[in-house]
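Enquirer: Please work out how this folds:
(one chain, ligands or ions: 1)
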Amino acid sequence: MLTIQELEAGYDESMVIRDINMHVDDNQVICVMGRNGVGKTTLLKTVIGILHPEHGSIQFNQTDMTTLKPSQRAKMGIGYIPQGREIFPKLTVHDNLLLGLEAGDQKTIDEKVYAYFPILKDFTKRNGGDLSGGQQQQLAIARALVSQPSFLLLDEPTEGIQPNIVQEIQDVILDIKQSSDTSMILVEQNLDFVKNVADYVYVMDHGSIVYESAVDDIEDETIYRYLSV
Ligand SMILES: Nc1ncnc2c1ncn2[C@@H]1O[C@H](COP(=O)(O)OP(=O)(O)OP(=O)(O)O)[C@@H](O)[C@H]1O
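Expert: Okay, here's the model as predicted:
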């Protein structure tokens with residue numbers, strides 16, 4: 001479904017990610033782990049097209065999308081949930097969700113999104129900025145889901161979120177995986193969460209992949225070594 005080859009990208013003159021090779025199959029959940037600042041967000045930004053790579057390619061369903069604009073990638077079915085949510089604080093929950101529709105061809109908000117996150121139905125007229133951090137994360141995920149993406153990129157969806165909402169997010173990810181062909185790349189630091197949702201794990205350090213493993217064969221000590229400061 002998605003193949004990344006020899007990817008290098010960064011900001012101005014400085015390269016942040018180097019020689020990234022990664023493959024995601026249909027219906028697979030991939031987790032990318034690693035300390036703060038190793039380049040995980042930079043990798044996601046390059047996959048959605050906010051950043052242009054200096055080298056390498058990104059292939060999505062037989063199409064080379066390395067030079068496509070973010071809006072073209074969104075139309076192809078790529079959804080992005082950024083770190084820090086980036087919801088619109090002065091717009092209502094409903095209007096935030098309507099903006100999510102712009103990414104794809106859907107015209108209305110799928111009720112399934114409210115079934116996943118019932119609190120959004122209760123707060124539909126409330127401003128996004130008045131929601132709690134966990135509720136804003138749910139809104140950010142829902143906003144990406146309304147366009148029914150076939151490929152989801154999630155940047156640290158559990159960061160700073162209370163355990164019951166982490167559980168809800170986990171249930172939603174597992175339900176999407178079971179009920180559709182959707183694939184995901186998830187940047188995540190929480191190893192328990194990763195083990196519950198992922199099929200395959202990549203660990204990054206200093207902009208490169210330093211360890212990869214099927215989740216069932218994962219070596220906890222190796223992961224903790226790369227996560228510890
Ligand atoms: N807009 C930017 N301009 C210049 N450098 C940047 C920019 N954004 C990030 N960087 C640098 O790129 C490097 C990788 O950052 P990135 O956000 O990709 O890391 P990360 O692994 O996602 O970390 P975190 O978990 O803290 O988000 C860091 O050294 C960071 O300072």
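
Enquirer: all contacts plus neighbour counts: C-alpha atoms, from now on.
Expert: Will do.

Enquirer: what about the residue nearest to residue 48 when sequence neighbours are not counted, neighbour count?
Expert: Distances taken as C-alpha to C-alpha, 6 or more residues apart in numbering put residue 70 closest to residue 48, at 5.6 Å, once the chain neighbours are dropped. Other residues within reach of residue 70, judged by other C-alpha atoms under 10 Å, total 20.

Enquirer: Next: the one 10 residues further on.
Expert: A total of 25 residues lie near residue 80 under the criterion other C-alpha under 10 Å.

Enquirer: where does residue 201 land on pLDDT?
Expert: Residue 201 is assigned 97 on the pLDDT scale.

Enquirer: C-alpha coordinates for stretch 78-94, PDB please?
Expert: C-alpha atoms of stretch 78-94 as PDB (Å, rounded to 0.1, in the frame of the first residue of the first chain):
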ATOM      1  CA  ILE A  78      -4.400  10.000   3.300                       C
ATOM      2  CA  GLY A  79      -5.600  11.400   6.600                       C
ATOM      3  CA  TYR A  80      -3.400  13.200   9.100                       C
ATOM      4  CA  ILE A  81      -3.900  13.800  12.800                       C
ATOM      5  CA  PRO A  82      -1.100  16.200  13.900                       C
ATOM      6  CA  GLN A  83       0.700  16.200  17.200                       C
ATOM      7  CA  GLY A  84      -1.000  18.900  19.400                       C
ATOM      8  CA  ARG A  85      -4.300  18.300  17.600                       C
ATOM      9  CA  GLU A  86      -4.400  21.600  15.700                       C
ATOM     10  CA  ILE A  87      -8.100  21.900  15.900                       C
ATOM     11  CA  PHE A  88      -9.700  25.300  15.300                       C
ATOM     12  CA  PRO A  89     -10.400  26.700  18.800                       C
ATOM     13  CA  LYS A  90     -12.900  29.400  17.800                       C
ATOM     14  CA  LEU A  91     -15.000  27.100  15.600                       C
ATOM     15  CA  THR A  92     -17.600  24.700  17.000                       C
ATOM     16  CA  VAL A  93     -17.100  21.000  17.100                       C
ATOM     17  CA  HIS A  94     -19.500  20.600  14.200                       C
END
